[in-house]
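J.: From the sequence below, what's the structure:
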Amino acid sequence: MISRRSLLAGASAMAALPLVPRRTLATGIASETLEAALATVQIAPEGYPQTEIWSYGGSVPGTEIRARQGDRLRRKLVNSLPEPTSLHWHGIRIDNAMDGVPGVTQEAVPPGGEFLYEFDLPDAGTYWYHSHNQSYEQVARGLQGALIVEEAEAPDVDRDEVLVLDDFRLDPETGQIAGFGNMRDFSHGGRIGNIAVTNGIFNKALTVKQNERLRLRLLNTANAKIFQLQLQGLEGWIVALDGMPLEVPQPIPETLLLAPAQRADLIVDVTAEAGSEAHLIRLEREEGVSQILFSVTGKTAESRRGVPAPLPPNSDMVVGGLDDALLSTLRMEGGAMRGFQAARMDGREVGFREAAQNMNFWAMNGVVGMPGEPLLTAERGQTVRVTLQNDTMFPHGMHLHGHHFREVLPDGSLGPLRDTLLMFGDEAREIAFVAHNPGDWVFHCHMLTHAAAGMMTRIKVLA
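T.: Numbers count the residues shown, from 1 in each chain. Below you'll find the model as predicted:
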């Protein structure tokens with residue numbers, strides 16, 4: 001059983017050579033191309049063969065996109081892969097037609113085809129983009145990258161570092177990405193790799209100075225790995241979660257959990273002495289491993305600065321009207337060691353054994369996979385409250401497209417805005433959001449093998 005205290009983790013047994021993603025700056029409505037294509041990079045240690053990946057821009061992660069709040073982003077996806085693909089812009093409040101979900105908002109782009117994505121960027125923050133077709137495989141092969149939307153006025157920091165946390169499962173003999181179609185991945189905690197990387201680099205290192213103030217944009221783009229993170233020689237505050245600024249910066253807890261698809265913006269000061277080291281530590285089976293090494297080469301100031309000012313809030317994000325909200329429930333069932341008695345699959349009722357024979361191990365509200373009818377239908381502008389009940393043995397990172405929500409806490413207060421909620425086994429939680437964005441919006445587990453094996457539903461917002 002997976003709980004807050006015990007998380008599945010892969011053994012990071014291999015190292016990789018540095019991979020530096022390219023960056024592009026989106027300004028106005030300039031259109032650029034994102035080509036999804038095969039590439040070869042060095043992920044395994046020196047002496048191993050290079051690894052073939054699927055990539056945007058030939059690197060892993062793919063081309064970093066930076067834009068300014070209020071810009072209109074245009075990117076033409078060109079598919080040079082041997083199978084259909086699409087692009088989902090994770091966390092962006094986007095026009096529904098641009099959301100990139102095959103079978104819901106568009107057809108998958110066939111090999112040799114292209115699709116123009118064009119949309120406004122209303123919110124500053126840390127976001128990302130990735131394939132949403134066969135995503136459990138395509139994202140694991142490298143089809144993902146960071147999308148950074150900059151505030152009109154940058155916070156008072158010395159450096160802004162984008163840190164994409166990911167893991168790969170490599171064949172130790174060939175160095176190639178391996179292990180798709182594994183029944184255990186689909187029915188247990190998901191696909192966990194055997195090498196954890198930051199920006200494609202194992203044991204990534206940065207050079208810093210004592211009392212330097214850093215903005216660390218942490219993104220978890222892994223298929224299923226929950227990163228348990230601690231700081232050593234760094235102290236600071238969480239200033240944003242899933243792209244959305246906190247009203248007041250919060251001290252970083254002793255252990256920061258980052259589920260697949262979640263992001264956390266930190267403002268930290270380097271407190272380690274010059275000539276020593278600081279670390280972003282990853283906990284593996286309760287043992288600390290350095291995810292990122294910060295070499296402290298000098299001192300930038302004699303003392304630390306004070307508490308940072310909050311980031312400017314994004315507009316139209318108030319969640320009110322809770323007393324008159326539309327109520328709904330989403331119940332998660334299935335998986336190894338528990339299963340379900342019966343669920344509807346392909347329009348008929350089946351037992352867990354038959355569903356599992358078709359690689360479907362999970363159900364939501366008694367339905368395996370995308371239902372014919374949405375979980376709920378809301379009027380535009382209506383407040384919605386959804387009770388989430390995890391009746392499985394495993395954690396699930398539940399992601400809602402097109403919206404951010406707040407958790408309704410037991411005392412009735414509201415938690416921070418998020419687009420992905422980490423749910424542990426046998427937990428019950430409640431979220432609330434304003435259905436402001438018309439269209440059909442997918443709501444699914446971002447442990448991507450879980451989504452492929454049944455954990456997909458949708459909501460409808462009327463125009």
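J.: Does residue 425 touch residue 393 like I think?
T.: Yes. At 4.8 Å, residue 425 counts as touching residue 393 under the criterion of C-beta atoms under 8 Å. Every residue, glycine included, has its C-beta placed from N, CA and C.
J.: Check the gap between residue 445 and residue 427 for me.
T.: Counting by C-beta to C-beta, to the nearest Å, the separation of residue 445 from residue 427 is 14 Å.
J.: So between the two, which is more surrounded?
T.: When neighbours are counted by other C-beta atoms under 10 Å, residue 445 and residue 427 differ, and residue 445 comes out ahead with 31 against 18.
J.: what are the bridge partners for that one, then?
T.: Beta-bridge partners for residue 445, by DSSP bridges, are residue 398.
J.: give me every residue that touches it.
T.: The neighbours of residue 445, taking C-beta atoms under 8 Å, 6 or more residues apart in numbering as the test, are 332, 362, 396, 397, 398, 399, 451, 455, 456.
J.: Which one of those residues is nearest to residue 262?
T.: The nearest member of the contacts of residue 445 to residue 262, counting by C-beta to C-beta, is residue 397 at 6.8 Å.
J.: where exactly do the helices run in this structure?
T.: Assigned helices in the chain, in chain order: 135-138, 183-187, 352-357, 448-452 (criterion: DSSP state H).
J.: Please work out which of the ones you listed is packed deepest.
T.: Of all these, helix 448-452 carries the top mean neighbour count, a mean of 27, counting by mean count of other C-beta atoms under 10 Å.
J.: Mind giving me the packing neighbours of it?
T.: helix 135-138, helix 183-187 (3 or more C-beta pairs under 8 Å, 6 or more residues apart in numbering; DSSP states H and E).
J.: if I pick the residue positioned nearest the centre of the chain, what's in contact with it?
T.: Centroid-nearest residue in the chain: residue 261, 1.1 Å away (criterion: C-alpha atoms, centre = their mean). If you count contacts by C-beta under 8 Å, 6+ apart, residue 261 has them with 90, 128, 220, 221, 397, 399, 419, 420, 446.
J.: got the helices of the chain as JSON lines, with mean pLDDT and distance to residue 108 columns?
T.: Converted to JSON lines, the helices of the chain look like this (pLDDT from 0 to 100; distance: least, C-beta to C-beta, whole Å):
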{"stretch": "helix 135-138", "mean pLDDT": "98", "distance to residue 108": "10"}
{"stretch": "helix 183-187", "mean pLDDT": "97", "distance to residue 108": "21"}
{"stretch": "helix 352-357", "mean pLDDT": "97", "distance to residue 108": "24"}
{"stretch": "helix 448-452", "mean pLDDT": "98", "distance to residue 108": "14"}
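J.: As JSON lines, those helices with distance to residue 292 would be great.
T.: Compiled in JSON lines, those are given as follows (distance: least, C-beta to C-beta, whole Å):
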{"stretch": "helix 135-138", "distance to residue 292": "26"}
{"stretch": "helix 183-187", "distance to residue 292": "27"}
{"stretch": "helix 352-357", "distance to residue 292": "39"}
{"stretch": "helix 448-452", "distance to residue 292": "24"}
